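> Structural data only, the sequence is not supplied:
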C-alpha cells in the first residue's frame, strides 16, 4: 500500500528491516530446519554441532515411512474423520447460523453467548465424561466417537463463521424469495445456501483443519485401529528409544501438508466470497 | 461397525431431524421456526458439550474411579484436599505459561505487523510464509521444537554455542529451570502469526490523515505509534490478548508432548494435571475437583471476553 510512503522515514525503515530479519528468522528458520532435517540422511542428524546446510540430500526418510503400514492407516483415519467432521459441522451449523442471522427471537442473545463460550470449555474436562459416555455405548476407537468429539469445537466455530456470512446476505433477498411463494425452508435450500457456497466451503475447510490438527481427543478416544496422525506419530516416535528425528521431520512434513494446502484454497474463497450486489437485477 | 452411517452423503441436505415436515404451515411463528432450525445443533451441543461438562464437574464431589463402577459422595473433600496442596503450584505454573505464551507472541506479532505494514519489499510473500507456524498441527510444532531443543544434536545448542551464549550443550527440556521457557518459546512460534494477522488487519484501518496531521505537528515515528496507532488498535489488542489468555490457560498439546508436564512436574498446568489425574491416575473425583476450580477461573475470563465482544458490536 503506497499510502504509507509519506511517513516512511529512514529510522522506521531500518527498524522494520531489523524486525523482519530477526523475527521473520524466528518464524521461518524452524520451518527450514524441518525441511532440511527431513531430507538429510538419518545418520547425519546424529552429529554435534549440527550442520545448518545439509551436505547430502535424500528421500530415504520418506521411503522408510512409506514402508510403515500403520502410518498409512493413521493418514487415512485423519482424512476420513476430518472430512466427515467438516461436512457434519457445516450442515448442522448452517441452520443454526441462519437462525441467528435472520431471525429475532427470545433467548437469541443468550444462545449466541452460549455457543461462543462453548468452544472455550477445556477439552481435558470434557474428555473425562466423553470417555465414559463413548465407553458405555461401545464407541471407543470408532470414527463416530472421533467425529462427535471433534464437533465439540468445530460446531461453535462454524456457527459463528456462517452467521457472519449470512449477515452479509441482504434480507431483501430472503423477502423476495418469500414473495415469489417459496416456503421458509425452501428459501434456505434453494436461495440462501447456494449463494453461501463460499462461506460454507470456508467454514468446512476451517473445520477440516481443526479436526486434522486435533491431538487430545484422538489420543484418548481412539485405540490402535482408528487413531489419527497426531497421536499416531506421538506413539510411533516418542517411545522409550531414541527418537528418529529425520524420519519424524519427514512425517511432520506429511502431516502438515494437507492443512497448508487447505489454507491456500481457503484464502481464495475468502477473497472472492462476498455476495455484494447479488440483489441487483 | 456403525461408522458408515456417518458418511457425508447421508448427511447431505437435510438436518438429522427435519424441521416439522418440508412445508411448514405459514402459521408457524418465526420463533418456532428458528427453534426448529437450531434443534439439531442444540441437541448435539447438549449431548457432547453441556452434559459432559456438567457431569465432569459433578464428579468433584465424589470419590470415583475411571476404571471401576460406582462412586461415593465425599462433599467438598476433593476440593479442600487440592486447596491445601497442589492447587497453588498448578495455578502458579499455569499462570506462568499463560502469561508468557501470551505476551511473547503478542510482542513478536505486533513488531512484525508494524514492520509488514510498511512498503518493505516482499511483504506479501513474507506474510503468507509466516502463517505456516500457525497452520501446522500442534504435535508437529512439538516435534520440531523438541528436535531444535534436543540435548545432544539440537540446533538451539549449536547456534547458541557458536554465538558464545552458552559454554556447553544444555538439556533444555529436561532442566527444571529451562523446560517451561522452552515450551513457551515453542508456543510463541505457533501463536504469533495469528496475532500478526489480526493486528495487520487493524493497522490497515488506521486513517492516514491522523498520521499526516501528527507528522505535521512534528511527531516522530515512536510518538506517532503511541499517540495514533496504539489508541486506534486498542479494541483489537484487547480481544487478541483476551482470547490468547483463554486459549493458553487451557493449552494442553505442546506441554503434554514436549515435556509430559515434567521434569518433576515443573511444566504441569491445569490442563495436563486434569488429564493425567483422570487417565493415568484414574482418579475422577480429584480430576473433577481440579476441573471445577480451573473452570471457575476460566469462566471469569470468558465472561470478560463475551462482555467485550458485545461492546465491540460483534454480537
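In hand now; what should we look at? Owing to the predicted nature of the structure, the values given are computational and were not obtained by experimental measurement. Numbers count the residues shown, from 1 in each chain, chains lettered A, B, ... in the order given.
> Show me what the host helix or strand of residue A:264 is packed up against.
Element membership of residue A:264, judged by DSSP states H and E, is helix A:245-272. Secondary-structure packing of helix A:245-272 (3 or more Cβ pairs under 8 Å, 6 or more residues apart in numbering or on different chains; DSSP states H and E): helix A:10-38, helix A:60-66, helix A:69-102, helix A:197-213, helix A:229-237, helix B:132-135, helix B:138-148. Every C-beta, even on glycine, is put in place using the N, C-alpha and C of the backbone.
> again, only using 10 Å
helix A:10-38, helix A:60-66, helix A:69-102, helix A:197-213, helix A:229-237, helix B:123-129, helix B:132-135, helix B:138-148 (3 or more Cβ pairs under 10 Å, 6 or more residues apart in numbering or on different chains; DSSP states H and E).
> Could I get the average pLDDT for the second one?
When you say that, I think you mean helix A:60-66. Across helix A:60-66, pLDDT averages out at 88.
> Next: the last one.
This predicted structure assigns helix B:138-148 an average pLDDT of 95.
> circling back: could I get the buried residue list for the helix holding residue A:264?
A:245-256, A:258-259, A:262-263, A:266, A:269 (16 or more other Cβ atoms under 10 Å in any protein chain shown).
> Same list (the helices and strands packed on helix A:245-272) but as TSV, adding mean neighbour count and distance to residue B:240.
Output for the helices and strands packed on helix A:245-272, formatted as TSV (neighbours: other Cβ atoms under 10 Å in any protein chain shown; distance: least, Cβ to Cβ, whole Å):
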stretch	mean neighbour count	distance to residue B:240
helix A:10-38	17	17
helix A:60-66	16	38
helix A:69-102	22	24
helix A:197-213	22	18
helix A:229-237	22	26
helix B:123-129	14	17
helix B:132-135	20	13
helix B:138-148	25	19
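> Need those in TSV (columns: distance to residue A:160).
Shown next, in TSV, are the helices and strands packed on helix A:245-272 (distance: least, Cβ to Cβ, whole Å):
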stretch	distance to residue A:160
helix A:10-38	28
helix A:60-66	37
helix A:69-102	8
helix A:197-213	9
helix A:229-237	25
helix B:123-129	24
helix B:132-135	19
helix B:138-148	22
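> element containing the residue nearest the centre of chain B?
Central residue of chain B (Cα atoms, centre = their mean): residue B:247, 2.1 Å from the mean position. Element membership of residue B:247, judged by DSSP H and E, is helix B:230-249.
> is that helix up against chain A anywhere?
Yes: Helix B:230-249 lies within reach of chain A by Cβ under 10 Å from any Cβ of the partner chain, at B:243, B:246, B:247, B:249.
> Okay, buried residues for that helix please.
Neighbour-count burial for helix B:230-249, counted by 16+ other Cβ under 10 Å, picks out B:232-233, B:236-240, B:242-249.
> which helices and strands does that helix pack with?
Against helix B:230-249 (3+ Cβ pairs under 10 Å, 6+ apart) you get helix B:87-116, helix B:179-203, helix B:270-279, helix B:284-311.
> Just confirm yes or no for the longest one near chain A.
Yep, that's helix B:87-116 we're talking about. Yes: Helix B:87-116 lies within reach of chain A by Cβ under 10 Å from any Cβ, at B:107, B:108, B:109, B:110, B:111, B:112, B:113, B:114, B:115, B:116.
> sorry, back to before: columns mean neighbour count on top of the helices and strands packed on helix B:230-249, output as CSV?
Below are those laid out as CSV (neighbours: other Cβ atoms under 10 Å in any protein chain shown):
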stretch, mean neighbour count
helix B:87-116, 20
helix B:179-203, 22
helix B:270-279, 25
helix B:284-311, 19
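> Touching, residue B:270 and residue A:124? I think so.
Yes: shown here, residue B:270 and residue A:124 form a contact pair, counting by Cβ atoms under 10 Å, at 8.0 Å.
> residues shared between the contacts of these two?
B:250, B:252, B:290, B:291, B:294 (Cβ atoms under 10 Å, 6 or more residues apart in numbering or on different chains).
> Around the second one, how many other residues sit close by?
For residue B:252, the count of nearby residues is 21 (other Cβ atoms under 10 Å in any protein chain shown).
> which one is it nearest to, not counting chain neighbours?
In this structure, residue B:252 finds its nearest non-sequential neighbour in residue B:271, 4.1 Å apart by Cβ to Cβ, 6 or more residues apart in numbering or on different chains.
> Now do the contacts for that neighbour.
For residue B:271, the contacting residues are A:122-125, A:216, B:90, B:94, B:97, B:248-253, B:255-256, B:261, B:290-291, B:294, by Cβ under 10 Å, 6+ apart.
> circling back: so which of the residues of helix B:230-249 next to chain A comes closest to residue A:235?
Minimum distance to residue A:235 across the residues of helix B:230-249 next to chain A is 25.3 Å, recorded for residue B:247 (Cβ to Cβ).
> That closest one and residue B:102 touch, don't they?
Yes: contact criterion Cβ under 10 Å: residue B:247 and residue B:102 qualify, at 8.7 Å.
> For residue B:111, give me the pLDDT.
93.
> now it: how far from residue B:118?
Taking Cβ to Cβ, to the nearest Å as the measure, residue B:111 falls 12 Å from residue B:118.
> any residues in contact with both of those two?
Counting by Cβ under 10 Å, 6+ apart, the common neighbours of residue B:111 and residue B:118 are A:15, A:16, A:19, A:20.
> Near residue B:280, how many other residues are there?
Using other Cβ under 10 Å, the number of residues around residue B:280 comes to 10.
> ok, now residue B:209?
So residue B:209, with other Cβ under 10 Å, has 8 neighbours.
> Kindly report the same for residue B:204.
11.
> hang on, it packs against residue B:117?
Yes: shown here, residue B:204 and residue B:117 form a contact pair, counting by Cβ under 10 Å, at 7.2 Å.
> Domain parsing of the chain, as residue ranges.
Defaulting to chain A. The record's domain parsing of chain A by automatic domain parsing lists A:12-58, A:64-272.
> other chain: chain B
The record's domain parsing of chain B by automatic domain parsing lists B:2-64, B:81-311.
> Can you pull out the low-pLDDT segments for the stretch 151-281 of chain A?
A:239-242, A:268-281 (pLDDT under 70).
> Next, the contact list for residue 224, please.
Because you didn't say which chain, this covers chain A. Residues near residue A:224 by Cβ under 10 Å, 6+ apart: A:70, A:73, A:141, A:232, A:235.
> wait, I meant chain B there
By Cβ under 10 Å, 6+ apart, the residues touching residue B:224 are A:7, A:12, B:206, B:210, B:211, B:212, B:213, B:214, B:215, B:217, B:230.
> List only buried entries from those.
A:7, A:12, B:206, B:211, B:214, B:215.
> Can you tell me which of these is nearest residue A:94?
Nearest to residue A:94 among those, counting by Cβ to Cβ, is residue B:206 at 35.3 Å.
> Residue A:221 contacts residue A:152, doesn't it?
No: with contacts counted by Cβ under 10 Å, residue A:221 stays clear of residue A:152, the gap being 11.4 Å.
> Could you tell me which residues touch both of those two?
Common contacts of residue A:221 and residue A:152, defined by Cβ under 10 Å, 6+ apart, comprise A:127, A:130.
> more crowded one of the two?
More crowded of residue A:221 and residue A:152, by other Cβ under 10 Å: residue A:221, with 26 against 23.
> show me what contacts the more buried one?
With Cβ under 10 Å, 6+ apart, residue A:221 has these contacts: A:127, A:130-131, A:133-135, A:139-142, A:144-146, A:148-150, A:227, A:231.
> before we move on, back to that, just put the residues of helix B:87-116 next to chain A in CSV and tack on distance to residue B:124.
Shown next, in CSV, are these (distance: Cβ to Cβ, whole Å):
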residue, distance to residue B:124
B:107, 23
B:108, 19
B:109, 17
B:110, 19
B:111, 18
B:112, 14
B:113, 14
B:114, 16
B:115, 13
B:116, 9
